[in-house]
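> Structure for this input, please:
(one chain, ligands or ions: 1)
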Amino acid sequence: MSADLLREQLELRRVGPDLEAALAELFSALVAAGDDRSFHPHPFTPEAAAERARYAGLDVYCAAVVAGRVLGYGMLRGWDEGYAVPSLGIAIHPAARGLGLGRLVMEYLHCEARRRGAPRIRLKVYPANAAAVALYRSLGYEFQGEERGQLVGYKALPARP
Ligand SMILES: CC(C)(COP(=O)(O)OP(=O)(O)OC[C@H]1O[C@@H](n2cnc3c(N)ncnc32)[C@H](O)[C@@H]1OP(=O)(O)O)[C@@H](O)C(=O)NCCC(=O)NCCS
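Here you go, the predicted model:
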């Protein structure tokens, strides 16, 4: 990351209309790095960025933002469709990995899920995606079976007080 970016504060926030272009840039960087082969919750296109930026529903789309650049992207989906247990997805900009952003976005999503009363979180990950599998295990996810070649993991959340 450039020195300019390092001087700026990190923000974790909902994706909103002002982040459309920055989110599209992150999506394009993920595709350029080939990450859409291991993580494909939706197409990583400018249209998908526009949709996320305008989204107003029960699901959660969040961004880790530094100086207007989206370096991390996370989601919890399922509430819109009526599920009690949301599915989590996350991606960090290829140039900003290994800095703890992935763990931070995960903790934010856990907090959001607990705040909304979810009993647990579900996710899917390819067994060969070593970084993601290690991150999820370290956060207490337990894998139970496979779905279309991906491990299915769950993490129980403490009940709301
Ligand atoms: C998986 C991903 C989100 C990790 O993000 P990150 O910001 O680099 O992760 P962090 O720096 O927060 O590291 C958190 C943990 O991840 C694991 N990890 C991260 N990079 C790793 C690597 N290269 N090899 C093995 N483990 C790794 C470690 O357990 C690490 O814990 P530590 O900090 O105690 O070492 C990131 O690699 C990514 O965006 N990958 C592409 C998209 C993707 O595959 N998403 C998951 C789809 S299921």
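
> going forward, measure contacts between C-alpha atoms and count neighbours the same way
Fine.

> Give the buried residues for stretch 120-132.
120-126, 132 (16 or more other Cα atoms under 10 Å).

> Among those, which are located in helices?
Among these, the ones falling in helices (DSSP state H) are residue 132.

> Against the ligand, which of the buried residues of stretch 120-132 make the cut? List them.
Contacts with the ligand within the buried residues of stretch 120-132, counted by Cα under 6 Å from any ligand atom: 124-125, 132.

> Same list, these, but as JSON lines with pLDDT please.
Below are those laid out as JSON lines (pLDDT from 0 to 100):
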{"residue": "124", "pLDDT": "98"}
{"residue": "125", "pLDDT": "98"}
{"residue": "132", "pLDDT": "98"}
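
> For the buried residues of stretch 120-132, work out which two are farthest apart.
Taking Cα to Cα, the two most distant members of the buried residues of stretch 120-132 are 120 and 126; they sit 20.2 Å apart.

> Enumerate the residues of this structure near the ligand.
Residues of the chain lying near the ligand by Cα under 6 Å from any ligand atom: 35, 38-39, 90-92, 97-103, 124-125, 130-132, 134-135.
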